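**Student:** structure, please.
(2 chains)
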Amino acid sequence: MAGIPIVNRIREKRFFADEMTQQALADKVGVTRQTIMAIEKGKYSPSLEVAFKMAEVFECHLEDIFQYQPE
Amino acid sequence: MDMSFKEKSHWISLVSTVCIFGYYFYNIVMLEGVPAEEAKDVAKTLLLQAIVLSILVEAVLHGMLAATNHKAAEMGADERDKLFEYRGNQVGYTILVLGVVITLGRIITLEYNPELSNFYPSRQIPLLTAHILMFSFILSEVARFSVTLFNYRRGY
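**Tutor:** Below is the predicted model of the structure:
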């Protein structure tokens, strides 16, 4: 979305998690692959629940995946 | 085109609704000028046909879609799907309410001014009030599916 002030490092995190596919991540956090794609592209901000699930999957803090960057 | 299960499902609903009810409304409009009693029977048959066909087509196509993708069908809508559906519902509901208000206004106006009905050439269409309500409902459904699909295509 034009103006979402949140950037993410999901792609990088997936790469370092044995090149986890978008589908595998989607299955683990309970969303569709298209939603993961939209989040990675910065078009969609996930709910807190999904964000925390991602942090759990990648075994890191939420801030390691998502950063708030106001313009 | 990369589409989620829910997006495909909305495409099926949009295309089937537009085709079936487009054909239905085209035939209803064509009834103008047909003798009232005959037109009433035809209109009733057309409505029943459209409803039954709509249910059948949706059931068969959605069944086929679910059969080709068990996992996605069982998962249902995720949070992004629900957000897009919510946006679509907002627009669809507004159109439906407008249709109901217009129909109520028409009924009340004609009740207090029966002479006005003589100026309506469209009054020759039998069950006109029912058709206006039906049209509002179908229009609201089409708007709902279209807005939801627009959001899917836009991506956010």
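**Student:** please identify the helix or strand for the most centrally placed residue in chain B.
**Tutor:** What sits nearest the mean C-alpha location of chain B, by Cα atoms, centre = their mean, is B:I138, with 1.7 Å. In the assignment (DSSP states H and E), B:I138 maps to helix B:128-154.
**Student:** which other helices and strands does that helix contact?
**Tutor:** Where contact means 3 or more Cβ pairs under 8 Å, 6 or more residues apart in numbering or on different chains; DSSP states H and E, helix B:128-154 is packed against helix B:5-29, helix B:36-68, helix B:79-112. All C-beta atoms are positioned from the backbone trio N, CA, C, and that covers glycine.
**Student:** just give me the neighbour total for residue 48.
**Tutor:** Using chain A here. When counting by other Cβ atoms under 10 Å in any protein chain shown, one arrives at 9 neighbours for A:L48.
**Student:** my question was about chain B
**Tutor:** For B:L48, using other Cβ under 10 Å, the count is 10.
**Student:** ok, residue 25 - contacts?
**Tutor:** You didn't pick a chain, so chain A it is. A:I10, A:R14, A:I36, A:M54, A:V57 (Cβ atoms under 8 Å, 6 or more residues apart in numbering or on different chains).
**Student:** my question was about chain B
**Tutor:** B:H131, B:F135, B:I138 are the contacts of B:F25 under Cβ under 8 Å, 6+ apart.
**Student:** for the residue nearest to A:E40 when sequence neighbours are not counted, grab the count of nearby residues.
**Tutor:** Sequence neighbours aside, A:I10 is the residue nearest to A:E40 in space, at 5.0 Å (criterion: Cβ to Cβ, 6 or more residues apart in numbering or on different chains). Using other Cβ under 10 Å, A:I10 has 21 neighbouring residues.
**Student:** closest one of the contacts of A:L25 to B:P35?
**Tutor:** A:I36 (60.5 Å; Cβ to Cβ).
**Student:** is it true that that closest one lies in a strand?
**Tutor:** No: looking at A:I36 with DSSP: H, G, I helix; E, B strand; the rest coil, it is helix, so not inside a strand.
**Student:** and the gap between it and B:N113?
**Tutor:** A:I36 sits 59 Å away from B:N113, going by Cβ to Cβ, to the nearest Å.
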